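Undergrad: pasting the structure only:
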């Protein structure tokens, strides 16, 4: 929520016109993890769809216009990590999907609190019975995650997030990491969660 507020304010400073009111983006971020039970999402357990459907039901009860409700649903579904990874890998797409993806993981992209959240995610996965052979807070998994967000929106860049990510990747490139093959062969949530199969050479 705070991250989205910061991104919207940055957009305004850049003179960008957002194609929907900022309060709608706030609703998206408030609801994108609604009723999230913990653990990872996937085709058999689509947690983003579950949250989107719950928010849509609330919207219908409040007589929100159908088109606006659908926009909220679409933006919640746009927070899916495989979609976000493809969006940033291809460097194409509308501004709003970039913003909701960045707001979703903003704290996790920061040093300090980002490592704390990564460790909490590892614990959450274990609690849900999902094997995490390479913990999210470890250097190789952290590199995978941060490398997926080297392409950012203009508002995120203006906030200095690119520099924050680059500094962490530079530090992690110096830190001793397991050989890349260990990540490439890893099939635990620490790779599937990010929708990636490798650590890019940077």
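TA: The structure has been received and is ready for your questions. This one's a predicted model, so the numbers in the text were calculated from it and none came from an experiment.
Undergrad: quick one: low-confidence ranges for the protein?
TA: 174-202 (pLDDT under 70).
Undergrad: Next, the residue lying farthest from the centre of the chain: secondary structure please.
TA: Here the centre of the chain is the reference, and by C-alpha atoms, centre = their mean the most remote residue is residue 63, at 29.6 Å. Following DSSP: H, G, I helix; E, B strand; the rest coil, residue 63 is assigned to coil.
Undergrad: List the buried residues for stretch 78-93?
TA: 78-81, 83-85, 87-88, 93 (16 or more other C-beta atoms under 10 Å). (Each C-beta comes from the backbone N, C-alpha and C, glycine too.)
Undergrad: And the contacts of stretch 29-42?
TA: By C-beta atoms under 8 Å, 6 or more residues apart in numbering, the residues outside stretch 29-42 that reach it are 1, 3-4, 45, 47-48, 50-52, 54-55, 58, 72, 76, 79-81, 100, 103-104, 124-125, 127-128, 130, 189, 192-193.
Undergrad: Around the nearest residue to residue 18 once chain neighbours are set aside, how many other residues sit close by?
TA: Among residues not flanking residue 18 along the chain, residue 11 sits closest, at 5.8 Å (C-beta to C-beta, 6 or more residues apart in numbering). By other C-beta atoms under 10 Å, 21 other residues sit near residue 11.
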